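sequence unknown, structure follows:
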């Protein structure tokens, strides 16, 4: 059996089959890593200071927390705004208040009254007729 036929049966590309046979195939290339590659820059202050602040007032914005860090620890956390934004977004999704849900109310013209009157018992009763004398 040719390598191209075997690759077709295995539902992989012929080039991948060549890499597997040569021993150079990297099956996990491009996959997200399970562990952190960089130490957590907020490890010292997240659980002790920032998370309790969010529990007290869940409406706090990441920029407010960032400014708090800059005031309390000048120069210690210079580039953590994006990390803080991700952390606050995740925290609010897991522990924050549930968002308000609004449903759109749409009233189609002529829809509300016509089916009700056609199928109701009242539609079988004769309607009073006003006769105007001329």
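It's in. Predicted, not measured: the structure shown is a model, and the values here were computed from it. Residues are numbered from 1 along each chain as shown.

got any ranges where this structure has weak pLDDT?
Applying pLDDT under 70 to the chain picks out residues 31-33, 110-134.

In it, what residue spans correspond to helices?
Taking DSSP state H as the criterion, the chain carries its helices at 3-9, 14-22, 51-56, 62-72, 81-95, 114-119.

list the buried ones in the longest one?
This points to helix 81-95. 81, 83-84, 87-88, 91-92 (16 or more other Cβ atoms under 10 Å). The way it works is simple: take the backbone N, C-alpha and C, and place the C-beta from them, glycine included.

ok so, going back, which of the helices of the chain sits closest to residue 43?
helix 81-95 (10.8 Å; Cβ to Cβ).

Just the terminal-to-terminal distance for stretch 6-25.
16 Å (Cα to Cα, to the nearest Å).

Give me the contacts around that stretch.
For stretch 6-25, the external contacting residues (Cβ atoms under 8 Å, 6 or more residues apart in numbering) are 3-4.

Can you list the buried residues in that stretch?
7, 17, 20.

Make a markdown table out of those and add distance to residue 107.
Output for the buried residues of stretch 6-25, formatted as a markdown table (distance: Cβ to Cβ, whole Å):
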| residue | distance to residue 107 |
| --- | --- |
| 7 | 59 |
| 17 | 62 |
| 20 | 62 |
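
Pipe the buried residues of helix 81-95 into a markdown table and attach distance to residue 104 per row.
As requested, the buried residues of helix 81-95 are exported to a markdown table (distance: Cβ to Cβ, whole Å):
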| residue | distance to residue 104 |
| --- | --- |
| 81 | 35 |
| 83 | 37 |
| 84 | 34 |
| 87 | 33 |
| 88 | 29 |
| 91 | 30 |
| 92 | 25 |
